[in-house]
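Q: With the input below, show me the fold.
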Amino acid sequence: MSGKVVRVDSIVDVDIFWVNHKGVSIEILCMIFKTHTQVTANYFLPDEEEISGVGIERIGILGVKASLKKAQKLALEDLDRVLDEQSLKIWSSKRPNTNEPVMFEFFGPKKGRKK
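A: Residues are numbered from 1 along each chain as shown. Reported below is the predicted structural model:
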């Protein structure tokens, strides 16, 4: 340990809501700090595990709302990247008899280096 004190920015506000992203429900956790915003996009698997993407954006002259919007976009892009890396495929469909929505989740083969 170097003995340096790391100063952590305190949280000013927190909000949680859900969005539909590419046909899938994603939990969005927004944290507002004094100088920046951080958004985490969470996709929950049936066994209560989650896959997350994170976006961090500085609060500039356009303000907190613009910073949150940009951080949310970055978090969803990061989540898409993580899902792709883990080869998770999510398909949405409807049951023919009842028209109820159904989702299929499966992991494809792991992506490896090309030979």
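
Q: Could you use CA atoms for every contact and neighbour count after this?
A: Will do.

Q: what's the helix or strand for the residue lying closest to Gly53 once chain neighbours are set aside?
A: In space, not counting the residues next to it along the chain, Gly53 is nearest to Leu79; the distance is 3.9 Å by Cα to Cα, 6 or more residues apart in numbering. Here Leu79 sits within helix 64-85, counting by DSSP states H and E.

Q: Contact partners for Val102?
A: Ser92, Ser93, Lys94, Arg95 (Cα atoms under 8 Å, 6 or more residues apart in numbering).

Q: What helix or strand is it located in?
A: Going by DSSP H and E, Val102 is part of strand 101-107.

Q: Could you check how many residues crowd around Lys69?
A: Neighbour count of Lys69, defined by other Cα atoms under 10 Å: 16.

Q: Kindly apply the preceding question to Leu76 instead.
A: 22.

Q: Going by residue numbers, what spans are strands in the chain?
A: 11-21, 24-33, 36-44, 50-58, 88-94, 101-107 (DSSP state E).

Q: tilt between the last one and strand 88-94?
A: Between the axis of strand 101-107 and that of strand 88-94 there is an angle of 160 degrees, by axes from the mean of the first three to the mean of the last three Cα atoms, to 10 degrees.

Q: so how far is strand 101-107 off the chain centroid?
A: 18 Å (Cα atoms, centre = their mean, to the nearest Å).

Q: partner strands of that strand, parallel or antiparallel?
A: Next to strand 101-107 in the sheet, as set by DSSP bridges, lie strand 88-94 (antiparallel).

Q: tell me which residues in the strand it pairs with are buried?
A: Leu88 (16 or more other Cα atoms under 10 Å).
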